[in-house]
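Engineer: Please work out how this folds:
(2 chains)
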Protein chains: 2
Amino acid sequence: MTVLASTIKFLQQPTAIAWVEQAIANLDTILLDHSHCERKAAGVALNLIFRYPSNTKLVRTLTTIAQEELEHFERVNQWLDRRNIALAPLSPPPYGAGLKAQIRRHEPDRLLDSLLVSSLIEARSHERLGLLARHCPEPELAQFYRGLMASEARHYGIYWTLATTYFDRATVTQRLGELATVESELLSTVHPEPRIHS
Amino acid sequence: MTVLASTIKFLQQPTAIAWVEQAIANLDTILLDHSHCERKAAGVALNLIFRYPSNTKLVRTLTTIAQEELEHFERVNQWLDRRNIALAPLSPPPYGAGLKAQIRRHEPDRLLDSLLVSSLIEARSHERLGLLARHCPEPELAQFYRGLMASEARHYGIYWTLATTYFDRATVTQRLGELATVESELLSTVHPEPRIHS
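Structural biologist: Numbering: from 1, shown residues only, chains lettered A, B, ... in the order given. This is a model prediction of the structure:
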């Protein structure tokens, strides 16, 4: 199986070409799943603000992230509307639950793992939106994906920087490596249903 | 006890002057509580989007509300920063839990009650921010409260309109009346700790 060169340093394995083929053959489903991803990303940022209300830097930066995710949610929903795709629930792939299961339950580990899992998801989203931008046969939709890529890149950097605000760099680097291994394993076979993280 | 004339038609009882006196004497605590209120309001809107992902109108309008609440959250937090008030948890008054207890558990009642409880909370917030705007002795802070009032007014109208989108008007009016009675009862004695909804 041919793999694509990855430029995202946080990710241990680049996305397989099989995912790109699956996604391009199912653009409508990918758009609907993307809407759910943006909504969930806003929810995750807001939940972290709820859980750590005294961490000023976290509250401030994650407020901005939540706002941006909601704006993306809105923009993806405009695309759904334009293509007459009705908003609807969609079964999630095992990716999110698999990563969430890695988050340790006790503080301060819980905070570190939560930030790094979000950072990895944003890094993977950045990589995959980039692949959609490059391979999508519809120029306007490709342009839309290209426009979102920059934010996703900023977001994974922000989660990483937050982690290094509250934890020493060696601890962060080691744990990121462990979680990145799990993240790549979760995507080692393409999920049968087309999803952003299938 | 003198009460203030209320111009908010959804509310059965206007706020007592005792609340205004308590709030003006504790502006810093009110600002910190206000920050929590805006964060919770964004959370409530996002949770409704999560719970009813297929209701297009609800998703669209509550995305806008969640964005505005996050923007207010940010602006209140700038005021906290300016006054050197550290972000910190704050015990909530019984108001929110008291209203939440009124939400029936089965659909479609749950949706109706959720929308009307949010509408009432926004209506009360609108009234109280208006009182702060009028009575706050610091002109710039008073101006800030005045600036937020318009959004709160729009928000309670939006929740009401959403309710009438999914339920007939007679049902909405009757249930709003029942919930408004509980809402006013919950505020009939001023909570000893100064809060937006004490």
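Engineer: At the contact with chain B, which residues of chain A appear?
Structural biologist: Neighbours of chain B within chain A, by Cβ under 8 Å from any Cβ of the partner chain: A:36, A:39, A:42-43, A:46, A:49-50, A:53-56, A:59-60, A:63-64, A:66-67, A:70-71, A:73-74, A:77, A:86-89. From N, CA and C alone the C-beta is placed, and that goes for glycine too.
Engineer: Quick one: buried ones out of these?
Structural biologist: Among those, the ones that count as buried by 16 or more other Cβ atoms under 10 Å in any protein chain shown are A:36, A:39, A:42-43, A:46, A:49, A:53, A:55, A:59, A:63, A:66-67, A:70-71, A:73-74, A:77, A:87.
Engineer: Report the contact partners of residue A:124.
Structural biologist: A:8, A:11, A:15, A:183, A:187, A:197 (Cβ atoms under 8 Å, 6 or more residues apart in numbering or on different chains).
Engineer: isn't there a helix covering residue A:104?
Structural biologist: No: counting by DSSP: H, G, I helix; E, B strand; the rest coil, residue A:104 is not part of a helix but coil.
Engineer: Now do it, the pLDDT please.
Structural biologist: We note a pLDDT of 98 for residue A:104 in this prediction.
Engineer: can you pull the buried residues of the helix or strand of chain A with the lowest mean pLDDT?
Structural biologist: Every helix and strand in chain A was compared by mean pLDDT, DSSP states H and E; the lowest is helix A:139-166, with a mean of 92. Across helix A:139-166, burial judged by 16+ other Cβ under 10 Å covers A:141, A:144-145, A:148-149, A:151-153, A:155-156, A:158-160, A:162-163, A:166.
Engineer: again, but for stretch A:127-143
Structural biologist: Buried residues in stretch A:127-143 (16+ other Cβ under 10 Å): A:127-133, A:136, A:141.
Engineer: same deal with stretch A:30-49?
Structural biologist: A:30-46, A:48-49.
Engineer: same question, stretch A:102-114
Structural biologist: Quick answer for stretch A:102-114 (16+ other Cβ under 10 Å): A:102-103, A:111-114.
Engineer: now stretch A:71-85
Structural biologist: By neighbour count on 16+ other Cβ under 10 Å, the buried set for stretch A:71-85 is A:71-74, A:76-77, A:79-80, A:85.
Engineer: contacts for that stretch?
Structural biologist: Outside stretch A:71-85, the residues that reach it (Cβ under 8 Å, 6+ apart) are A:28, A:31-32, A:34-35, A:38-39, A:41-42, A:86-87, A:141, A:144, A:148, A:151, B:59-60, B:63-64, B:67.
Engineer: The same query, at a cut-off of 7 Å, please.
Structural biologist: A:28, A:31-32, A:34-35, A:38-39, A:42, A:87, A:144, A:148, A:151, B:59, B:63 (Cβ atoms under 7 Å, 6 or more residues apart in numbering or on different chains).
Engineer: Give me the distance between residue A:79 and residue A:127.
Structural biologist: Relative to residue A:127, residue A:79 is positioned 20 Å away (Cβ to Cβ, to the nearest Å).
Engineer: hang on, I meant residue A:29
Structural biologist: Distance, residue A:29 to residue A:127, by Cβ to Cβ: 19 Å.
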